[in-house]
Structures are given as structure tokens and as C-alpha cells.
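Chemist: Got a sequence here, can you build the structure:
(2 chains)
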Number of protein chains: 2
Amino acid sequence: MMDVCLLGTGGMLPLPYRALTSLMVRYNGSHILIDCGEGTQNQIRMLGWSFKPIDVICITHFHADHISGLPGLLLTMGNAERKEPLTIIGPKGLQKVVNSLRIIAPELPFDIAFIEIDEETRDIEICGLTIRAFRVNHKVTCYGYSLLLSRAGKFDVDRAKALSLPVQYWNVLQRGDSVEYGGKLYTSDMVMGERRKGLKLTYCTDTRPTKQIIDEAFRADLFICEGMYGEQDKLPKAKENKHMMMREAAEIARDAEVAEAWMTHYSPATARPSEYTDMVQAICPCMIMAKDRMETVLTFAEN
Amino acid sequence: MMDVCLLGTGGMLPLPYRALTSLMVRYNGSHILIDCGEGTQNQIRMLGWSFKPIDVICITHFHADHISGLPGLLLTMGNAERKEPLTIIGPKGLQKVVNSLRIIAPELPFDIAFIEIDEETRDIEICGLTIRAFRVNHKVTCYGYSLLLSRAGKFDVDRAKALSLPVQYWNVLQRGDSVEYGGKLYTSDMVMGERRKGLKLTYCTDTRPTKQIIDEAFRADLFICEGMYGEQDKLPKAKENKHMMMREAAEIARDAEVAEAWMTHYSPATARPSEYTDMVQAICPCMIMAKDRMETVLTFAEN
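Modeler: Model prediction:
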């Protein structure tokens, strides 16, 4: 189960009525934040979630609207008496950028571990889930992120009984480990069914459409994607600034066969994104024009 | 005439209901901003003032709550198509700090001129007024700022007539210049009365009380002063963090004989600053517990 909140839905600059795009996910006691523009800490506060359990911050790229709120957030986490190390994930150059911004936040009561990504894709196991970074196509190096939660198969009581292994060892096998008993090796696959569908949340901003985004978001439970411009005459601007048209985002969501999609990162010139709902849903009926602090809970399917 | 708006009244960190302390003044087509924490650009937008005419930004000190919003504001000024140079005034080290923050705002369509202050006081003539910086007593080097608008004396028609100088030269003398006519030198003081009282706005945060603040704010038309803590048991904390008690701010306002005073820079723990109104006004009746985006217009006295 993952609690998900899209803290803001704006692009380029913060507006009084629309915060900059960033995502917060709560899983198993950890908070994971993707992007942190100016004002993100206020959105977290309005949501009522805590600053202290933020264990990971993923940065998509180093444009101000995605990272300008970081020094303030780090200080606020310090004021919340966080002591445990924080991991920040981002493109190559991350440590230099963060340390440069930290000229106004030099003293923190916690350490920061940096994971700099230079590859096309990178899987990072952290906080009990996999954070998968994948390169997208923006004016500067930029990554999308998928949060992947795997799910073991079902424990098969009948098969376990048939092994004549004492009950106290069953949970070892259930955890995925092996047991030696009576001179015989018992492995997890002897009692566990096939892996079941896990959870996938894919977050993607800022970028032009790419084939890989479709692959990365394929059958995601939730796909959050930038749609900077709605009007078709903005296509040259979208291409120039390497952003997506709402139409393009909807096409990706449709082609990736996602369960649900949220549009975000609206241009400041777009006063009412909901005006594009019909156009977008004609392409991908499961796509919603997201609003600030839109929340959902992703849960495993039955069985 | 100066339009004045206290954009926010918070200290330490931004809150959804209280922006960080910063001041904007509009005079003669120029905008002057003092401090720029996270969220300041949103406050300017809510106020409805423009970004483009910001000609001067004064930074009191380099703590994040006073400067973290600067890179975002610079980008927004760039998006507003500002082309004219911007002057940033602040303590020594200013250029290094701003350039370090500009790692996420490297390209701007305007130049930045830096004025770094190292003296106890410094008068800067800019935008038709005097910005006077004076050192205060905080944990890091910090300056208060007074905006001073001088006012010439009254033009004395009778004395001008008595000079038998042709009327077309009168306005030269009125501007403060001299005229040579008929082999004789006419100076401004021959027709102008004594300088009249100008306008003074004094802004002071973050600091412990000092005698100099009283001198600098003396008979100010408006004195804006930090008052981080209200409850008397916070005095040790105020001393440790080099902030002011509300009581101390009120005493300064009283001793400086200011016309009007606004309290600001409240601790995030102070939910309702207005609860301290009676205590503060018992010391200084003209002191108001300011709220975000409180506005006034300072005008010359009659005559």
C-alpha cells in the first residue's frame, strides 16, 4: 500500500493558486519526495504529513521549478529533528548543485547520501521498494522515476503440509529464504505461488514524448505526466522548450495501458486545466487533469 | 510618496498562512524589495505588483528565510522580460552567495550589480532615494535598512522676485542648481526655504536590540521591526538565537519616537500574534502586530 499525493501541479513558476509540481509517496514508514520547487514544503505542511520521515528525495532535473525549494526543505527537516541520513537521487552533477544551494543551509543535523545517475536507466533498491530512474528528453539531463513495489506469490498451505516440514519453518520460506531440515534443503519456491502483480507508480516531467516513457509506464497503477500546453498552436513552443502537449501525454497514457493517469505541470498561462478534460479523455479515458494535493492510495489487487 | 507593502510576517520557515518576512516599496516607478525568502514571489503576485520594475533588492543577511526565494524571483523577473540591470545590496559575501544560488538560475536577460556592505553604516543613493544600511546584532552579519526620501524647502516667490532674476531661471534654482546671470551668481538657497521633513522607513530584522537601531529609526514615519517571541520565558532563546522579544521591539519603537511601527518576523510557534497586541501597545501605542501584505502609503506632511 502506497499513499500518494501530488503536492502541486504547476510548471515554470509558483502561483498563489497552483504550487509547483512535486510528488510525495508514503510507504511502510518512509516518505519519498520527487522534486522540490519553491513552496513544496508549504504543500507538505498543508497536507499534514511529516517532514522527519522523508528518507529519499528524487530530483528529475536541475531547473529551478524542480529544486528551488530544497534548501528550505532541508532546514525544515533539520528543525523537525531529523537525525537519520537522507538520500538524494538525481542526474550527474547532483552533489555539486545541492551543495551550491546549501550555501544558505550549511548546517544540518543529518547526513546526505547522493546517488548520481548517468545511465539510461538505473534501479535503486531503497526503503523496501525499487526506484527506477529512466532518462527522458528535456533541454537538460532529466529523469523520470517509477516506484515499484513487488509482491510475492501466495503461500500454498497444502504444498507446505505435503513437505512434512515443521510449521515453525514455514514463515522462513514465506519470506523467501531457505531452510535446511533433516538433511534436506527446502526452498521458498516449494511453497510459494508465482509472483503476483505488484504496484507501479510512474512519474514523468519534464520531457518531450519518447517511446521509452510508454515502456516505463506500461500498465502502471498510476502514471503522472507533464502536460505543459493544451492548445494545439503551442506545439512549436512545446518542441522548442522540450515539454509535452496535453494531447501527447494522453497518448502516452493510452499506449502504456495505465490504470489511471494524472496530468500535471501546467503552464502558468493555463488558468483552467479542466477545460481540456474532454480533449484528453477522448484519447485516454482514465486520465484526470490533476489538482494540487490530489491524493490516492495504491493497494495490491485482491489475491 | 512611497507605497509600502509588508509581503510576509513570518520568521524561520514559510507557513501556509504566513509568508516569510519581506518588504516591497514602490517609489517613482521603481520597486525596491528587502529580503526574499521562499514564497516571496507568490506574495508579490497576490499583491498584484509587477516583477519587471524591481530595480533594487536589499538582503539583510544570508539565512535561508531571507534569501531562499531569490533564484526563483530572478527567473520570474526574467520571464517578465526585464532587461535593465538589477542592483542587489547586502553584506560582504553577497556576490558569492547569490552566484552560488544561481546554479539553478544561470541565464538571466539582465545584469546584476552587487553592492557589498562591510561598514557599520552605508548610504546608497539609488532610484531617487537614499538607502541607508546599518549593522545590527544577529548570529551572522546582518543589516537593517532605512529608505530615506529627502524633501527640499519651499520655493519663496517673494525672495525670487526680489532677486530681479528672469522667471525662466527660477526652476533652475528650485531644482537646487545655480544660475549665472548679468555677471552675478544666483544660488538655490537664495530662493528656497529650509529643507522640509522627508520620509523615513526603517526596516530591521534579524537582531538583538541595539542602541543604534533607536538612532536609525529615530522619528521614522514607519518602523518595521522583528519580534520573534512574545512570551517572556522565551528571552533566553531570543538571546541565544539573537532575535528580539516583541517587548524589546516595542521599547525600541517607543524610544525612537516613530510615527507608526509594525511588528513582524513571528516565530512559527506563535499562531496568533494579535494576542500580544495589548502588551505591545502598553509600551508603544503606535505599534501594530502586522499581517501578511499589510499596506500603507507614506506621504509628505502638508507644507
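
Chemist: Need the pLDDT of the closest residue to chain B within the stretch 201-303 of chain A.
Modeler: Closest approach between the stretch 201-303 of chain A and chain B, counting by C-beta to the nearest C-beta: A:P268, at 8.5 Å. C-betas here are computed from N, CA, C, even on glycine. Note on A:P268: pLDDT of 97.

Chemist: With the one 10 residues further on instead?
Modeler: Confidence at A:D278, expressed as pLDDT, is 98.

Chemist: List of residues touching the helix or strand where it lies?
Modeler: If you go by DSSP states H and E, A:D278 is part of helix A:277-283. Outside helix A:277-283, the residues within contact range by C-beta atoms under 8 Å, 6 or more residues apart in numbering or on different chains are A:227, A:230, A:246-247, A:249-251, A:253-254, A:263, A:287, A:289.

Chemist: Now that helix: buried residues?
Modeler: The neighbour-count check on helix A:277-283 (16 or more other C-beta atoms under 10 Å in any protein chain shown) flags A:280, A:283 as buried.

Chemist: Check the offset of that helix from the chain's centre.
Modeler: 24 Å (C-alpha atoms, centre = their mean, to the nearest Å).

Chemist: so how far is B:T40 from the residue of the stretch 201-303 of chain A closest to chain B?
Modeler: From A:P268 over to B:T40 the distance is 17 Å, taken as C-beta to C-beta, to the nearest Å.

Chemist: which of those two has more neighbours?
Modeler: When A:P268 and B:T40 are compared for neighbours, B:T40 comes out ahead with 29 against 16, by other C-beta atoms under 10 Å in any protein chain shown.

Chemist: who's in contact with the nearest residue to the more buried one once chain neighbours are set aside?
Modeler: Computed as C-beta to C-beta, 6 or more residues apart in numbering or on different chains, the closest residue to B:T40 that is not its neighbour in sequence is B:G69, at 4.2 Å. By C-beta under 8 Å, 6+ apart, B:G69 lies in contact with A:38, A:68, B:20, B:36-41.

Chemist: at 10 Å instead, please
Modeler: B:G69 makes contact with A:14, A:38-39, A:68-69, A:72, B:8, B:14, B:19-20, B:22, B:35-44, B:76, B:101, according to C-beta atoms under 10 Å, 6 or more residues apart in numbering or on different chains.

Chemist: now, which of those residues lie within strands?
Modeler: Judged by DSSP state E, the contacts of B:G69 include B:8, B:22 as members of strands.

Chemist: So for stretch A:210-230, what gets flagged as buried?
Modeler: Across stretch A:210-230, burial judged by 16+ other C-beta under 10 Å covers A:210, A:212-214, A:216-217, A:220-230.

Chemist: go on, stretch A:184-192?
Modeler: Per 16+ other C-beta under 10 Å, stretch A:184-192 contains these buried residues: A:186, A:188, A:190-192.

Chemist: Let me see the ranges of the helices in the stretch 151-300 of chain A.
Modeler: Assigned by DSSP state H, counting those that start in this stretch, the helices in the stretch 151-300 of chain A fall at A:157-162, A:170-174, A:211-216, A:235-241, A:246-255, A:277-283.

Chemist: for the longest one, packing partners?
Modeler: If contacts are counted by 3 or more C-beta pairs under 10 Å, 6 or more residues apart in numbering or on different chains; DSSP states H and E, helix A:246-255 sits against strand A:196-204, helix A:211-216, strand A:222-226, helix A:235-241, strand A:261-264, helix A:277-283, strand A:287-289.
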